[in-house]
Structure formats: structure tokens, C-alpha cells
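return a 3D structure for these sequence lines:
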Amino acid sequence: MTMQRRPNNPIELKKQQVRKYSRNGVVSVVGGVAGGVLLGWALSAFWVFMSLGLIVAVVGGAYNWRKVQKIVNENHNY
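Numbers count the residues shown, from 1 in each chain. Okay, the predicted model is just below:
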């Protein structure tokens, strides 16, 4: 693993991109669910905010998952 911010190695670059989008996907899923639960609990409109949080979680997770799949399935001849 290199410590360069922009590695010249294309495999290392793909690894960094996958890590970035995987981390973003986890953050959006956890943030959406936790935000929905906390707002629903705090404002006593649980189902409204929970469903909104789940929508944010699914959309954010799916978006970042597609980004990771695109990077992983990209075909290069080195």
C-alpha cells in the first residue's frame, strides 16, 4: 500500500476508489437509518421520519454500491 495521495499504479488507484465509495455507502446507510430513528423519536412522528431515513439510506447505499461495482467490473489490460 502506498502513501501517495494520487498513486501512479492503476490497481492502487482502484483500491482507493473502492475504499472511498464503500466508506461513503456505509456512512449514508447508517446516517439515514440513525437520522430517521432519532428524528422520529424526538419529534414523535416516528413513521414519517423513519421512512424518510430509510429512503435516504437505500438511495445513498445503492448509489455508492453502483460506483463500487463499476470500478470493480472495469476491465483493463495492463
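
what's the closest non-adjacent residue to the residue minimising distance to the centre of the chain?
Central residue of the chain (Cα atoms, centre = their mean): residue 25, 1.2 Å from the mean position. Among residues not flanking residue 25 along the chain, residue 64 sits closest, at 3.3 Å (Cβ to Cβ, 6 or more residues apart in numbering). From N, CA and C alone the C-beta is placed, and that goes for glycine too.

now the longest helix seen in the chain: buried residues?
In the chain, taking DSSP state H as the definition, the longest helix is helix 10-43. Judged by neighbour count (16 or more other Cβ atoms under 10 Å), helix 10-43 contains these buried residues: 16-17, 21, 24-25, 28-29, 32-33, 35-36, 39-40.

same thing with stretch 41-60?
Applying a neighbour-count criterion of 16+ other Cβ under 10 Å, one finds 49-50, 52-53, 56-57, 60 buried in stretch 41-60.

any low-confidence regions in this structure?
By pLDDT under 70, the weakly predicted segments of the chain are 1-7, 76-78.

which one of the buried residues of helix 10-43 sits closest to residue 74?
Closest approach between the buried residues of helix 10-43 and residue 74, by Cβ to Cβ: residue 17, at 9.8 Å.

enumerate every residue touching the closest residue to the closest one other than its chain neighbours.
The shortest distance from residue 17 to any non-neighbouring residue, by Cβ to Cβ, 6+ apart, is to residue 71 (5.2 Å). Applying Cβ atoms under 8 Å, 6 or more residues apart in numbering, one finds that residue 71 lies in contact with 14, 17-18, 21.

need those residues in CSV with distance to residue 44, can you?
Shown next, in CSV, are those (distance: Cβ to Cβ, whole Å):
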residue, distance to residue 44
14, 46
17, 42
18, 41
21, 36
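
show me which pair in those is furthest apart.
For the contacts of residue 71, with distances taken as Cβ to Cβ, the pair at the greatest spread is 14 and 21 (10.8 Å).

ok so, going back, from the buried residues of stretch 41-60, which is closest to residue 9?
residue 60 (29.3 Å).

with adjacent residues omitted, what lies nearest to that closest one?
Of all residues not flanking residue 60 in the chain, residue 28 sits nearest, at 2.7 Å (Cβ to Cβ, 6+ apart).
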